[in-house]
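Colleague: sharing a sequence plus its predicted fold:
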Amino acid sequence: MKTMTNLKDAIRDIPDFPKKGIIFKDITTLLSRGDIFKQVVDQIADHFKSKKIDTVTGIESRGFIFGAPVAYKLDAGLVPIRKKGKLPYKTISATYSLEYGTDTLEMHEDAIQPGTKVLIVDDLLATGGTARATAELVEKAGGTIVGLAFVIELEFLKGRKNLNGYDIFSLIKY
């Protein structure tokens with residue numbers, strides 16, 4: 001099995017994207033390697049396999065990429081968390097702060113039943129805003145959050161502070 005160092009080596013840094021001074025962590029290089037992609041999915045699923053997860057939420061859009069195979073490996077359902085206006089049925093929503101303004105995430109109102117054990121999956125933990133909003137949606141529906149899983153965590157942005165009290169699992173930390 002590859003080590004965490006190998007996972008970091010599979011991610012490309014893009015300087016000054018999306019704006020000057022930012023170093024973007026490009027996961028497309030990780031995704032293009034079947035062995036590395038499989039390793040990421042397996043490690044997340046293995047970490048939570050004893051928790052008897054009922055449902056995995058994948059946060060738009062890269063959370064879908066990892067959430068779907070993790071759900072499959074855990075024999076769990078998948079609930080997409082989408083940006084406002086993207087879901088066709090009745091929704092519940094949670095609004096969160098961005099650097100400049102706010103954004104809103106939605107989930108179908110019947111996607112998670114009370115007592116459902118939920119794992120939240122996304123590619124990146126930065127400030128924690130999208131993960132916190134997703135947690136609010138899950139809890140509003142009556143779900144129980146078993147954990148949150150991320151491929152990458154940017155520790156210097158202190159996103160864990162927005163997620164106090166939750167089991168957080170990150171494969172790669174910067």
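Modeller: Thanks, I have the structure now.

Colleague: longest helix in the protein, by residue count?
Modeller: Secondary structure assigned by DSSP state H gives helix 34-48 as the longest helix of the chain.

Colleague: and that one, what does it pack onto?
Modeller: helix 4-9, helix 28-31, helix 62-73, strand 144-153, strand 168-173 (3 or more CB pairs under 8 Å, 6 or more residues apart in numbering; DSSP states H and E). Just so you know, the C-beta spots here come from the backbone N, C-alpha and C atoms, and that holds for glycine as well.

Colleague: how far off strand 144-153 does that helix point, in degrees?
Modeller: Inter-element angle recorded for helix 34-48 and strand 144-153: 150 degrees (by axes from the mean of the first three to the mean of the last three CA atoms, to 10 degrees).

Colleague: SS state for the residue of the chain most remote from its centre?
Modeller: No residue in the chain sits farther from the centre than residue 20, which is 25.6 Å out by CA atoms, centre = their mean. Assigned with DSSP: H, G, I helix; E, B strand; the rest coil, residue 20 falls in the coil class.

Colleague: who's in contact with residue 129?
Modeller: Contacts for residue 129 (CB atoms under 8 Å, 6 or more residues apart in numbering) come out as 96, 97, 98, 103, 162.

Colleague: and the furthest pair within these?
Modeller: By the measure CB to CB, the contacts of residue 129 have their two most distant members at 103 and 162, which lie 14.4 Å apart.

Colleague: and the residue positioned nearest the centre of the chain, what does it touch?
Modeller: In the chain, the C-alpha nearest the mean C-alpha coordinate belongs to residue 122, at 1.5 Å (CA atoms, centre = their mean). By CB under 8 Å, 6+ apart, the residues touching residue 122 are 58, 59, 62, 63, 66, 67, 130, 131, 134, 148, 149, 150.

Colleague: before we move on, the earlier item: and the contacts of residue 129, which are buried?
Modeller: 96, 162 (16 or more other CB atoms under 10 Å).

Colleague: any chance of the contacts of residue 129 in TSV, plus pLDDT?
Modeller: Converted to TSV, these look like this (pLDDT from 0 to 100):
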residue	pLDDT
96	94
97	89
98	81
103	95
162	94
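
Colleague: closest to residue 51 among the contacts of residue 129?
Modeller: The shortest gap between residue 51 and any of these belongs to residue 162, at 21.8 Å (CB to CB).
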